[in-house]
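Peer 1: I would like to see how this sequence folds:
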Amino acid sequence: MKKWSVLLIVLVLSSFAPQKGLQIARLKYKGGGDWYANKTSLPNLIAYANKALGLAIEKEEAVVEPASADLFNYPFVHMTGHGTFTLSEDEAANLRKYLMGGGFLHIDDNYGLDPFVRPQMKKVFPELDFVELPFTHAIYNQKYKFPNGLPKVHEHDNKPAQGFGLVYKGRVVCFYSYESDLGNGWEDAGTYSDSPQVREKALQMGTNLLMYAFTATAGS
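Peer 2: Numbers count the residues shown, from 1 in each chain. Predicted coordinates for the structure are as follows:
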């Protein structure tokens, strides 16, 4: 990885929370879904990405609610779960402001979240629809190359893994991983029966998401 790329990432990260250590967050949403699922996933991804990208992201993730002013401290926010989630008008408005201002939301359908993703995110961006990103997109071509798109971690409904994005002014502000279960692939070895190769691919894809979130500009 080129030194200028590392410097750019550090500069972008420091603009979010200059008085604190660099940190990413998990979204604590309402509605009954298990927002806290995959407890070991983000610490493992952080450790992997720190080593791969030469960064110093805090080892543990923060927890942030959609309406909180603290949301703006984190350049990357991860959301997962199996059940329902809802956004109030205030939560949707704050999340919209965060994403328009340079923030990034990764939604990972752990299974069962899909029926709620699109209608709730419509509250955030009524003018945008999720679009499936082509495999040539920058998200799949950061440090690690994924010429066939998202890796498949867990099988649910015999559907291919798909990556969808909300694109605002040329930048993906929300990436939605569907039928992939990336977060499960980030969990501690032995939590599931995933092979080391599957876990490696999941962590590499997660690292790409972080790198994109930290460096993407309009038109990316």
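Peer 1: which secondary structure element contains the closest residue to E89 other than its chain neighbours?
Peer 2: Using C-beta to C-beta, 6 or more residues apart in numbering and skipping the chain neighbours, the partner closest in space to E89 is K123 (7.3 Å). Using the backbone N, CA and C atoms, a C-beta is placed for each residue, glycine as well. When secondary structure is defined by DSSP states H and E, K123 falls within helix 114-124.
Peer 1: That helix: how far from the chain's middle?
Peer 2: 16 Å (C-alpha atoms, centre = their mean, to the nearest Å).
Peer 1: averaged over its residues, what pLDDT does that helix have?
Peer 2: Computed over helix 114-124, the mean pLDDT rounds to 95.
Peer 1: Ok, stretch 163-177 next?
Peer 2: 97.
Peer 1: Next, report how far that stretch is displaced from the centre of its chain.
Peer 2: Using C-alpha atoms, centre = their mean, we find the averaged C-alpha position of stretch 163-177 to lie 10 Å away from the chain's own average C-alpha position.
Peer 1: And the longest helix seen in the chain, what does it pack against?
Peer 2: Among the elements of type helix in the chain, defined by DSSP state H, the one spanning the most residues is helix 196-215. Using 3 or more C-beta pairs under 8 Å, 6 or more residues apart in numbering; DSSP states H and E, the elements in contact with helix 196-215 are helix 3-16, helix 41-53, strand 171-178, helix 182-186.
Peer 1: can you do 7 Å?
Peer 2: Using 3 or more C-beta pairs under 7 Å, 6 or more residues apart in numbering; DSSP states H and E as the contact test, the elements touching helix 196-215 are helix 3-16, helix 41-53, helix 182-186.
Peer 1: which of those helices has the lowest average pLDDT?
Peer 2: Set side by side, the helices and strands packed on helix 196-215 give their lowest mean pLDDT on helix 3-16, at a mean of 47.
Peer 1: and the gap between the residue nearest to E89 and P115?
Peer 2: Summarising the geometry, the distance separating K123 from P115, computed by C-beta to C-beta, to the nearest Å, is 15 Å.
Peer 1: Just want to know which of these two has more residues nearby.
Peer 2: For K123 against P115, the residue with the higher neighbour count under other C-beta atoms under 10 Å is K123, and the figures read 16 against 11.
Peer 1: you'd agree the more buried one is up against F85?
Peer 2: No. Here K123 does not reach F85: they are 11.3 Å apart, not a contact under C-beta atoms under 7 Å.
Peer 1: Give the pairing partners of the helix or strand hosting R26; include direction for each.
Peer 2: Assigning secondary structure by DSSP H and E places R26 in strand 25-27. Paired neighbours of strand 25-27 in the sheet (DSSP bridges): strand 62-64 (parallel), strand 77-81 (parallel).
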